[in-house]
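**Q** Next come a sequence and a model predicted from it.
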Amino acid sequence: MFQAACLTAEFQKATQNFSTDNKSRTARRDEKKRITWRPPPRNWVKVNTDAAFQKETGIAALAVVVRDWQGRVITGTTTTVKTTSALTAEVQAYREALILIKNLQIPNCIIETDCLPLVQAIKSKMPIAEADAIFRNILQLLEDAPDVGATWTPREGNKLAHQLAAMAAGNDLGRQWTMNPPDQVRNLIRTEASFAAIKHNQDIQHQAGTDPSIQMRGHLPP
């Protein structure tokens with residue numbers, strides 16, 4: 001159960017690191033500047049979800065984007081639905097992600113959202129009253145997908161999904177955005193892919209610093 005342990009550790013680290021307890025406003029502001037999209041482990045994919053809810057109309061735009069460990073977009077989807085609250089919209093976006101990876105048979109997957117109550121409910125399997133039926137469906141889908149994990153990230157780590165949901169809500173996103181994204185989406189994809197490359201290089205350097213066989217060879221692994 002290495003995957004489950006890894007994902008649980010990642011979630012706990014995130015919630016601890018970004019807790020607002022005992023932190024000054026300046027420290028929290030400085031911390032937010034350092035938060036970026038975190039790539040998944042090598043040969044895994046990460047699915048980020050978000051929702052933009054318009055209370056006046058009851059319409060929500062849902063966004064799902066699937067990227068590999070190098071930050072490359074594999075696929076994604078956006079849709080609009082009629083719903084009752086922002087939390088329910090987030091739950092629906094998460095279910096859209098699960099349905100997408102099930103239909104495409106994508107293995108080794110982390111689904112990430114900036115909706116902390118949803119991730120806490122998934123981890124504890126506690127019901128969400130206002131979205132009970134949808135949430136129970138999520139738990140069932142997760143039960144059928146043991147290689148899929150749930151993690152939380154602050155909004156700053158979920159920028160692409162947030163951007164896609166906002167643009168879908170304003171009808172500013174074409175159906176073929178995964179193949180021909182708007183400039184602001186393309187730039188964000190490239191920026192976060194560069195973060196993934198930096199993280200990958202740091203991991204290699206860390207491995208070189210801790211692996212005696214690599215140190216003796218005097219060079220980084222290919």
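**A** Here it is on my side, so go on. Numbering: from 1, shown residues only.
**Q** Show the low-confidence segments of this structure, by residue range.
**A** Applying pLDDT under 70 to the chain picks out residues 1-33, 208-222.
**Q** now the helices for it?
**A** 2-17, 25-33, 86-104, 116-124, 132-143, 159-169, 183-210, 212-217 (DSSP state H).
**Q** Against which helices or strands is the longest one packed?
**A** The elements that helix 183-210 packs onto, with contact taken as 3 or more C-beta pairs under 8 Å, 6 or more residues apart in numbering; DSSP states H and E, are helix 159-169, helix 212-217. C-beta coordinates here come from the backbone N, C-alpha and C atoms, glycine included.
**Q** mind running it again at 10 Å?
**A** In terms of contacts (3 or more C-beta pairs under 10 Å, 6 or more residues apart in numbering; DSSP states H and E), helix 183-210 is packed against strand 59-68, strand 73-82, helix 159-169, helix 212-217.
**Q** As CSV, the ones you listed with distance to residue 49 and mean neighbour count would be great.
**A** Below are those laid out as CSV (distance: least, C-beta to C-beta, whole Å; neighbours: other C-beta atoms under 10 Å):
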stretch, distance to residue 49, mean neighbour count
strand 59-68, 5, 24
strand 73-82, 10, 17
helix 159-169, 6, 22
helix 212-217, 37, 10
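**Q** Mind putting those into a markdown table with distance to residue 92?
**A** What follows is these, written out as a markdown table (distance: least, C-beta to C-beta, whole Å):
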| stretch | distance to residue 92 |
| --- | --- |
| strand 59-68 | 6 |
| strand 73-82 | 6 |
| helix 159-169 | 11 |
| helix 212-217 | 46 |
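**Q** Go through the ones you listed and name the closest to residue 146.
**A** strand 59-68 (18.6 Å; C-beta to C-beta).
**Q** quick check: angle from that closest one to helix 86-104?
**A** Note on geometry: by axes from the mean of the first three to the mean of the last three C-alpha atoms, to 10 degrees, strand 59-68 and helix 86-104 are set 40 degrees apart in direction.
**Q** Can you give the strand pairings for strand 59-68, parallel or anti for each?
**A** Strand pairing for strand 59-68, determined by DSSP bridges: strand 45-54 (antiparallel), strand 73-82 (antiparallel).
**Q** Can I get it in CSV, CA atoms only?
**A** Output of strand 59-68 as CSV, limited to C-alpha atoms (Å, rounded to 0.1, in the frame of the first residue of the first chain):
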residue,chain,number,x,y,z
ILE,A,59,-24.9,27.7,-12.7
ALA,A,60,-21.5,26.2,-12.1
ALA,A,61,-18.6,25.7,-14.5
LEU,A,62,-16.6,22.5,-13.7
ALA,A,63,-13.0,22.0,-14.8
VAL,A,64,-10.8,18.9,-14.9
VAL,A,65,-7.3,18.9,-16.3
VAL,A,66,-5.0,15.8,-16.4
ARG,A,67,-1.2,16.3,-16.5
ASP,A,68,1.7,14.0,-16.3
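**Q** Turn the strands paired with strand 59-68 into CSV, columns for distance to residue 197.
**A** Formatted as CSV, the strands paired with strand 59-68 follow (distance: least, C-beta to C-beta, whole Å):
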stretch, distance to residue 197
strand 45-54, 15
strand 73-82, 15
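**Q** Excluding sequence neighbours, find me the nearest residue to residue 106.
**A** When the adjacent residues along the chain are set aside, residue 106 lies closest to residue 45, with 6.1 Å between them (C-beta to C-beta, 6 or more residues apart in numbering).
**Q** Hmm, residue 67 and the one you found touching each other?
**A** Yes: Residue 45 lies in contact with residue 67 (C-beta atoms under 10 Å); the separation is 6.6 Å.
**Q** All good on my end, thank you.
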